[in-house]
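Asks: Just a sequence and a predicted model for now, questions to come.
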Amino acid sequence: MIRALLLILCLAFAGCAAKGTMVVLIEDPDGSVGQVEVSTAAGAQRLSTAGQSTSVKDSSTAPGPLRTLDQATIEKDFGQALQARPEPPETFLLYFEYGRTELTAESKPEPATILETILRRSSRDVRINGHSDTVGTREDNARLSLERAKGARDILVNKGVDPSIVQIFSHGEGNPLIPTPDETPEPRNRRVEVLVR
């Protein structure tokens with residue numbers, strides 16, 4: 001999957017004489033840089049380095065040549081757009097005892113931190129993804145990971161989180177944190193991921 005954080009500016013709104021669109025590739029919040037291809041019927045340009053940009057006049061004209069903008073130019077031209085970006089989501093991991101829905105001792109303090117984050121961000125979107133290791137049947141692991149997700153939701157709701165902002169999902173033994181063969185009791189895969197947006 002191609003990941004990128006882009007700034008797109010309609011030049012007409014920026015007061016430029018020519019109408020068109022400028023696309024600028026910037027770093028993700030974690031410092032990584034993805035890629036993006038800007039294409040029209042007449043051609044394409046691939047942006048893969050932070051600060052690279054191209055302009056498109058219209059759908060029948062090829063994107064312009066690649067240019068690299070320095071950070072000062074990006075901030076000057078796109079400062080308002082950068083400030084309007086939402087905060088990146090924060091992710092928390094809760095680990096569970098083998099074959100159970102009980103949090104490990106190390107994870108028991110974590111819901112308080114999650115609650116603080118939800119309140120600080122005034123979050124209206126909390127996603128809870130339940131997971132299991134590969135011991136047992138896929139059906140049992142799907143059920144167990146759903147029970148873990150529901151349990152994590154209940155902990156947060158009991159601490160005052162509005163249940164209407166929480167969505168739960170069950171991944172079972174799919175999407176392991178640590179890929180393992182079947183029937184492997186991997187503690188790091190017995191988890192719930194809580195994503196606070």
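Replies: That came through, no problem. Residues are numbered from 1 along each chain as shown.
Asks: For Pro89, give me its contacts.
Replies: Leu195, Val196, Arg197 (Cβ atoms under 8 Å, 6 or more residues apart in numbering). In short, each C-beta sits where N, CA and C put it, glycine included.
Asks: which residues of the chain fall in helices?
Replies: Listed in chain order, the helices of the chain (DSSP state H) span 71-84, 110-121, 138-158.
Asks: For the longest one, which outside residues touch it?
Replies: Residues lying outside helix 138-158 but in contact with it, judged by Cβ under 8 Å, 6+ apart, are 94, 96, 99, 101, 111, 114-115, 118, 126, 128-136, 163, 166, 168-173, 190-192, 194.
Asks: Now do the strands in this protein.
Replies: With strands called from DSSP state E, the chain shows them at 5-10, 21-26, 36-40, 43-47, 52-56, 67-68, 90-95, 126-130, 166-170, 191-196.
Asks: what residue lies at the spatial centre of this structure?
Replies: Pro89 (6.2 Å; Cα atoms, centre = their mean).
Asks: pLDDT wise, what is it at?
Replies: On pLDDT, Pro89 comes in at 93.
Asks: For it, give me phi and psi.
Replies: phi -70, psi 160 (degrees, to the nearest 10).
Asks: Stretch 66-77 - what's its average pLDDT?
Replies: On average, stretch 66-77 scores 93.
Asks: Check stretch 114-127 too.
Replies: In the prediction, stretch 114-127 has an average pLDDT of 97.
Asks: again, but for stretch 21-36
Replies: Stretch 21-36 comes out at a mean pLDDT of 88.
Asks: What of stretch 150-168?
Replies: Computed over stretch 150-168, the average pLDDT equals 98.
Asks: Just the CA trace of that stretch, in CSV.
Replies: In CSV, the C-alpha atoms belonging to stretch 150-168 read as follows (Å, rounded to 0.1, in the frame of the first residue of the first chain):
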residue,chain,number,x,y,z
LYS,A,150,-15.6,-6.2,24.6
GLY,A,151,-13.9,-6.5,27.9
ALA,A,152,-11.6,-3.6,27.1
ARG,A,153,-14.6,-1.5,26.0
ASP,A,154,-16.4,-2.4,29.3
ILE,A,155,-13.3,-1.3,31.3
LEU,A,156,-13.2,2.1,29.5
VAL,A,157,-17.0,2.6,29.7
ASN,A,158,-16.9,1.8,33.4
LYS,A,159,-14.3,4.6,33.7
GLY,A,160,-16.6,7.1,32.1
VAL,A,161,-16.0,6.7,28.3
ASP,A,162,-19.2,7.3,26.3
PRO,A,163,-20.0,3.9,24.7
SER,A,164,-21.3,5.5,21.6
ILE,A,165,-17.8,6.6,20.6
VAL,A,166,-16.3,3.1,20.9
GLN,A,167,-16.3,0.6,18.0
ILE,A,168,-15.0,-3.0,18.6
